[in-house]
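Colleague: Only the shape, not the letters, is given here:
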């Protein structure tokens with residue numbers, strides 16, 4: 001659809017939290033010449049985004065977004081999508097990017113003309129800072145290139161893989177809870193919260209760095225690198241005796257069942 005010398009014209013139908021994060025990321029990290037067009041709802045939010053860059057424009061309505069842009073990012077709720085999409089006039093030049101994780105690609109395609117190409121892109125709020133995974137289904141070179149400026153793009157082959165990876169995002173709060181418990185433990189052992197936090201965050205950051213530098217075929221065995229009878233083995237054994245690891249697997253199963261069950265109702 002585009003080449004390196006073409007100005008990217010990207011429009012947002014719905015400017016909620018995630019769409020706003022993408023716009024901010026495009027402004028901060030996007031490497032392509034672009035014009036961004038926003039639907040007018042969430043007036044204060046769109047005004048703030050337009051003030052950030054001269055290439056961000058607020059339109060008079062959803063159809064005007066389509067009239068100006070080639071790439072259309074759909075960032076509304078599933079219910080609003082069912083109301084809005086059938087009323088919009090798409091052309092064969094449009095490429096629709098859906099941010100709506102609960103609604104299947106097939107269902108979105110049913111609501112737009114057959115000659116409109118559709119992809120799902122599922123980022124996380126970290127995208128505002130140029131960080132985090134961005135799910136893409138199906139793969140598309142131009143979308144991959146665009147969003148690779150904004151984070152780490154992971155493509156999947158089908159929506160069951162998409163569901164599984166979205167499920168992993170449910171571990172954000174449990175992960176922060178682990179950090180909180182460790183930091184709190186340190187504060188109970190003659191450390192200030194500041195010092196305990198400073199060390200714990202640097203420690204976990206180093207662990208993640210080590211994991212990222214490890215080959216895919218080795219990463220599942222990193223935890224085995226411990227001295228017999230040492231501190232790591234003692235902590236591992238203590239957690240194993242309390243099912244401290246299998247419960248993470250069980251939690252993911254529970255979330256996936258809940259997530260896919262809700263999706264089936266859409």
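Modeller: Alright, I've got the coordinates. Predicted, not measured: the structure shown is a model, and the values here were computed from it. Numbering: from 1, shown residues only.
Colleague: Let me see the ranges of the strands in the stretch 51-200 of the chain.
Modeller: 56-58, 71-74, 95-98, 117-122, 133-137, 152-155 (DSSP state E, counting those that start in this stretch).
Colleague: now the ones you listed as CSV including mean neighbour count?
Modeller: Every C-beta, even on glycine, is put in place using the N, C-alpha and C of the backbone. Shown next, in CSV, are the strands of the stretch 51-200 of the chain (neighbours: other C-beta atoms under 10 Å):
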stretch, mean neighbour count
strand 56-58, 19
strand 71-74, 24
strand 95-98, 23
strand 117-122, 20
strand 133-137, 20
strand 152-155, 16
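Colleague: Nearest to residue 175, out of these?
Modeller: Closest to residue 175 of those, according to C-beta to C-beta: strand 133-137, at 14.1 Å.
Colleague: so how far is residue 72 from the closest residue in space to residue 116 that isn't next to it in sequence?
Modeller: Nearest in space to residue 116, with sequence neighbours left out and distances taken as C-beta to C-beta, 6 or more residues apart in numbering, is residue 90 at 4.8 Å. Separation of residue 90 from residue 72 (C-beta to C-beta, to the nearest Å): 8 Å.
Colleague: Equivalent analysis for residue 195, please.
Modeller: From residue 195 to residue 72 the distance is 50 Å (C-beta to C-beta).
Colleague: likewise residue 100?
Modeller: 13 Å.
Colleague: Pull up the overlap in contacts between residue 90 and residue 72.
Modeller: 66, 96 (C-beta atoms under 8 Å, 6 or more residues apart in numbering).
Colleague: what stretches of the stretch 1-150 of the chain score poorly on pLDDT?
Modeller: Low-confidence segments of the stretch 1-150 of the chain (pLDDT under 70): 1-5.
Colleague: just the helices in the protein please.
Modeller: Ranges of helices in the chain, per DSSP state H, are 17-29, 43-52, 62-68, 78-84, 105-110, 141-148, 159-168, 172-187, 193-213, 231-241, 246-265.
Colleague: re the thing from before, among the strands of the stretch 51-200 of the chain, which is nearest residue 186?
Modeller: strand 133-137 (29.6 Å).
Colleague: For the closest one, name the packing helices and strands.
Modeller: Other elements packing on strand 133-137 under the criterion 3 or more C-beta pairs under 8 Å, 6 or more residues apart in numbering; DSSP states H and E are strand 117-122, helix 141-148, strand 152-155, helix 159-168.
Colleague: The residue nearest to residue 116 is in contact with residue 67, isn't it?
Modeller: No. Using C-beta atoms under 8 Å, residue 90 makes no contact with residue 67, being 10.8 Å away.
Colleague: Now that residue 169 has come up, it's in contact with residue 124, right?
Modeller: Yes. Using C-beta under 8 Å, residue 169 is in contact with residue 124, at 6.4 Å.
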